[in-house]
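Enquirer: Let's see this in three dimensions:
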Amino acid sequence: MTEVNASETVGEAAGRGQVLAWGLWDWGSSAFQAVTLTFVFSVYLTDKVGDDLPGGVSASAWLGWALAAAGLVVALTAPVSGQYFDAVGSRKRALATLTALTAGAMSLMFFVHDDYHDLWLGLALLAFASATFELAGVPYNAMMRQVSTPATVGRVSGFGWAMGYFGGIVLLLVCYVGFLAGDGDTRGLLAMPTDQGLNVRLVIVLAAVWFTVFALPVLFAVPELPRTGADPGAARAGIAGSYRVLWRDVRELWRQDRHTVWFLLASAVFRDGLAGVFTFGAVLAVQVYGFADADVLLFGVAANVVAGAAAVLAGRYDDRIGPKRVIVASLIGMIGCGLVLLVVSGTLMFWIFGLALTVFVGPAQASARSYLARLAPPGREGQLFGLYTTTGRAVSFLAPALFGLFVWAFGSDRAGIAGLLVVLVAGLLVLLPVRAPARAEPADAG
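Expert: Alright, predicted model coming up:
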């Protein structure tokens, strides 16, 4: 493969068609993130498949351990895999392979019946798909540099996040209305039988097809990254050698630009706080603010719409004023809304200030991604986004741990909000001294 100057790969596919194709992968990926991992299959495993599991360990505990094992695999392999994809010019091929493995594992979940004997198959498939899905995010995020210019990376990142939010909403509504709504032996408008969990198993097959279909455009529209010489020795290093190359590069990064290392740490902390907002939001809505189950679903849809729309809008400000200012403003806005939620009560107040809080979630997530894309040396984006994934995994215990600690210490679920605020404040304080990346002049490309 012909080697090129790494800087020549930046913005090489920055047309509107390529941006749309790239964003459609985010749209399709919600089939795993929202349907399989969060709202449908994981709940099916713990509530149905493993509800009569013998022994002293619950299905929920086994689920936590299975996903923790997947997270460990991701944390250990993400940086070196991204480094390798960069070095050999195989980002698109890697994205295709990892997406296919994820969709394939989702399809096999059809064979997980409502029987505790099938729990182990379900856990193995979910853990495998979780690992391959997160690893697929490494070349996908790295490709953002190809479909954007330095002046448009913020709006492109925001567009991708918004596509993920809206894709999740649409697919969840399709699944709920068609397969899951109602009571009795059949569910949804399609009257799907519930025997052996057939309706849920068909939902996961639909999700696998959805992910596959919407992942295809980026594979056809965006060209493969040419091999570059940006990371000497990475293409020929073996497994052990890859970690030596990674350690060399991290030390070099620390000597030359410590602000990138500090940003990786800061983003890991505040991204865990953002994840905690969505993880515990439904629990707080019901336990503290008196929401009914149906109201939680409606709030979830509204929150995703608001976060997605805000991500698109903030992407333009990202390109004008820089991603750091967007992230800082978003974190301050979230902290302010959280402080209000600590003292108000009732469903109306949660609708107002809960939705106000989600306005800032999408922009913070999108600008964190564009921030790193601006910092990454050309040709080494995959390695940096691999480290981005790993550092996020390394601190992913913070928000759950502090939420639980504050609930236990104060004897109130409401106090858990303070635990989440501590994580957001810590991320903000670590971010403030970090130098903002250089901005390009605004342009209309992409």
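Enquirer: Show me the shaky parts of the stretch 151-300 of the chain.
Expert: Residues of the stretch 151-300 of the chain that meet the criterion pLDDT under 70 lie in 226-243, 279, 282, 293-294, 297.
Enquirer: What segments of it are strands?
Expert: When secondary structure is read from DSSP state E, counting those that start in this stretch, the stretch 151-300 of the chain shows strands at 186-187, 192-193, 227-228.
Enquirer: Pull the residues that contact the first one.
Expert: The reference is to strand 186-187. Around strand 186-187, the neighbours that count as contacts under C-beta atoms under 8 Å, 6 or more residues apart in numbering are 179-181, 192-194, 199. C-beta here means a position set from N, CA and C on the backbone, and glycine is covered the same way.
Enquirer: at 6 Å what do you get?
Expert: By C-beta atoms under 6 Å, 6 or more residues apart in numbering, the surrounding residues in contact with strand 186-187 are 180, 193-194, 199.
Enquirer: do the same with stretch 289-301
Expert: Contacts of stretch 289-301 with the rest of the structure, by C-beta under 6 Å, 6+ apart, involve 169, 282, 285, 347, 350.
Enquirer: do that again at 10 Å, thanks
Expert: Contacts to stretch 289-301, defined as C-beta atoms under 10 Å, 6 or more residues apart in numbering, come from residues 34, 38-39, 168-169, 172-173, 176, 278, 281-286, 341, 344-351, 353-355, 358, 413-414.
Enquirer: buried stuff in it?
Expert: By neighbour count, with 16 or more other C-beta atoms under 10 Å as the criterion, the buried positions of stretch 289-301 are 289, 291, 295, 297, 299-300.
Enquirer: in which helix or strand would I find residue 43?
Expert: Applying DSSP states H and E as the criterion places residue 43 in helix 41-44.
Enquirer: just checking, next helix/strand downstream of that helix?
Expert: Proceeding C-terminally, helix 41-44 gives way to helix 59-88 as the next helix or strand, assigned by DSSP H and E.
Enquirer: ok, back up a step: generate a ChimeraX selection restricted to the buried subset of the contacts of stretch 289-301.
Expert: To isolate in ChimeraX the members of these that are buried, counting by 16+ other C-beta under 10 Å, one can use:
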select :34,38,39,168,169,172,176,281,282,284,285,341,350,351,353,354,355,358,413,414
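Enquirer: one step back: which one of the contacts of strand 186-187 is nearest to residue 327?
Expert: Relative to residue 327, the closest of those is residue 180; by C-beta to C-beta it sits at 36.3 Å.
Enquirer: Can you give me the distance of that closest one to residue 270?
Expert: Here the criterion is C-beta to C-beta, to the nearest Å. By it, residue 180 lies 34 Å from residue 270.
Enquirer: So for those two, which sits in the more crowded spot?
Expert: Here residue 180 and residue 270 are compared on neighbour count by other C-beta atoms under 10 Å; more neighbours surround residue 270, at 27 against 17.
Enquirer: got the angle for the helix or strand where residue 94 lies vs helix 59-88?
Expert: Here residue 94, judged by DSSP H and E, is contained in helix 91-108. Angle, helix 91-108 to helix 59-88, by axes from the mean of the first three to the mean of the last three C-alpha atoms, to 10 degrees: 160 degrees.
Enquirer: Please name every helix or strand in contact with helix 91-108.
Expert: helix 16-30, helix 59-88, helix 119-142, helix 198-221, helix 381-394 (3 or more C-beta pairs under 10 Å, 6 or more residues apart in numbering; DSSP states H and E).
Enquirer: and with 7 Å instead?
Expert: helix 119-142, helix 198-221 (3 or more C-beta pairs under 7 Å, 6 or more residues apart in numbering; DSSP states H and E).
Enquirer: Tell me which of those helices is the most buried.
Expert: Across those, averaging neighbours per residue (mean count of other C-beta atoms under 10 Å) puts helix 119-142 on top, at a mean of 23.
Enquirer: Remind me what that one packs against, helices and strands.
Expert: Judged by 3+ C-beta pairs under 7 Å, 6+ apart, helix 119-142 is in contact with helix 59-88, helix 91-108, helix 381-394.
Enquirer: Give me the residues contacting the second one.
Expert: Contact partners of helix 91-108, identified using C-beta atoms under 7 Å, 6 or more residues apart in numbering, comprise 32, 36, 85, 125, 128-129, 132-133, 135-136, 139-140, 142-143, 204-205, 207-208, 211-212, 215, 219, 222, 224-225, 382.
Enquirer: CA atoms of that helix as CSV?
Expert: Output of helix 91-108 as CSV, limited to C-alpha atoms (Å, rounded to 0.1, in the frame of the first residue of the first chain):
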residue,chain,number,x,y,z
ARG,A,91,-9.8,1.9,9.5
LYS,A,92,-12.7,1.1,7.2
ARG,A,93,-12.0,-2.6,7.0
ALA,A,94,-11.8,-2.7,10.8
LEU,A,95,-15.1,-0.8,11.2
ALA,A,96,-16.7,-3.2,8.8
THR,A,97,-15.4,-6.3,10.6
LEU,A,98,-16.2,-5.1,14.1
THR,A,99,-19.7,-3.9,13.0
ALA,A,100,-20.4,-7.3,11.4
LEU,A,101,-19.2,-9.1,14.5
THR,A,102,-21.6,-7.0,16.7
ALA,A,103,-24.6,-7.5,14.4
GLY,A,104,-23.8,-11.2,14.1
ALA,A,105,-23.8,-11.6,17.9
MET,A,106,-27.0,-9.7,18.1
SER,A,107,-28.6,-12.0,15.5
LEU,A,108,-27.5,-15.1,17.6
